[in-house]
Every structure is written in structure tokens, then in C-alpha cells.
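K.L.:
Need the 3D shape of this:
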Amino acid sequence: QLQLVESGGGLVQPGGSLRLSCAASGFTLDNYHIGWFRQAPGKEREGVSCINRGGGSTKYTDSVKGRFTISRDNAKNTVYLQMNSLKPEDTADYYCAARRTFLDMCVFDSTSYNYWGQGTQVTISS
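P.N.:
Numbering: from 1, shown residues only. From the prediction side, this is the model:
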């Protein structure tokens, strides 16, 4: 069974940090771009960050640039999203997704991703 499982969410104060993990089971991530998406209550899902197969190309939405870092460890079949300097507006459910492609650049088009995790909740509040 092909599955992505997110972990690492939680409640932190503004300015704090979290590291989200996205672990794959049933398949290897080597040939997949991985995207992190989030959806806040009452808002549309948005792309936060993505990383290509080899990890050499990454992308961030403007609101998280300089604060979030995406990385991958293909040996562990896991992708990470390090989130620093968290703000209340980062509060959302965070999802990882995998896209099997041989293209070089990752994208934020959620419809192009093949597999999705169940999400992990991130709440930033004092």
C-alpha cells in the first residue's frame, strides 16, 4: 500500500519552530518531487514548498521564504520541512504530496501530485 505519513505538527508560540516529516511507505521517493501544502480554515489549499527528485531544486511561497527549509533524505525515504520564526498566519493543516515525474522543476499545482498524506495540524498561538 502506497502511503505518505506526515508528523511533527503541534502547538507552538509565535517565533517558535517545528520540523514536519513526510515518510513514504510502499514506494521509494527517489523518482518523486515532493510538495508541502497547507490549508487554513476557510481558505484554499496553497503550496508552501516543494523539492525535486534529487533535492537540488526547491521552491517556496513568498510568505515563508527565509523561514522554512525543505530537505529530503532519500535513504530514509523522508522529506522534511523545517519551519522557523513561525507566525499565527502559518496556522493550518499541512500536507505532503508526491509527484512522479522526470521533470527538473517542482511545482505548486496540487492537481499534478499523485499521492497525498493525511495531514498534520500546525497551530501557532500564544
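
K.L.:
since we're on the closest residue to Trp116 other than its chain neighbours, how many residues are nearby?
P.N.:
Closest residue in space to Trp116, ignoring its immediate chain neighbours: Ala97 at 4.8 Å, by C-beta to C-beta, 6 or more residues apart in numbering. (C-beta placed from N, C-alpha, C; glycine too.) If you count neighbours by other C-beta atoms under 10 Å, Ala97 ends up with 22.

K.L.:
Which secondary structure elements does the helix or strand that Ala97 is a member of sit against?
P.N.:
Assigning secondary structure by DSSP states H and E places Ala97 in strand 92-100. On a contact count with 3 or more C-beta pairs under 8 Å, 6 or more residues apart in numbering; DSSP states H and E, strand 92-100 meets strand 3-7, strand 18-25, strand 32-39, strand 78-83, strand 115-116, strand 120-124.

K.L.:
Just checking: what are the partner strands of it?
P.N.:
The strands beside strand 92-100 in its sheet (DSSP bridges) come out as strand 32-39 (antiparallel), strand 115-116 (antiparallel), strand 120-124 (antiparallel).

K.L.:
which other residues reach the longest one?
P.N.:
Right, strand 32-39. 20, 22, 24, 45-53, 70, 72, 79, 81, 90, 92-101, 103, 106-108, 110, 113-115, 122 (C-beta atoms under 8 Å, 6 or more residues apart in numbering).

K.L.:
among those, which ones are buried?
P.N.:
Among the contacts of strand 32-39, those classed as buried by 16 or more other C-beta atoms under 10 Å are 20, 22, 24, 47-53, 70, 72, 79, 81, 90, 92-99, 101, 106-108, 110, 113, 115, 122.

K.L.:
ok so, going back, who's the residue nearest to Trp116 bridged to?
P.N.:
Those that pair with Ala97 in a beta bridge, by DSSP bridges, are Gly35, Trp116.

K.L.:
what's the pLDDT at it?
P.N.:
pLDDT, Ala97: 98.

K.L.:
who touches it in this structure?
P.N.:
4, 34-37, 110, 113-117.

K.L.:
Could you check how far Ala24 is from Val79?
P.N.:
8 Å (C-beta to C-beta, to the nearest Å).
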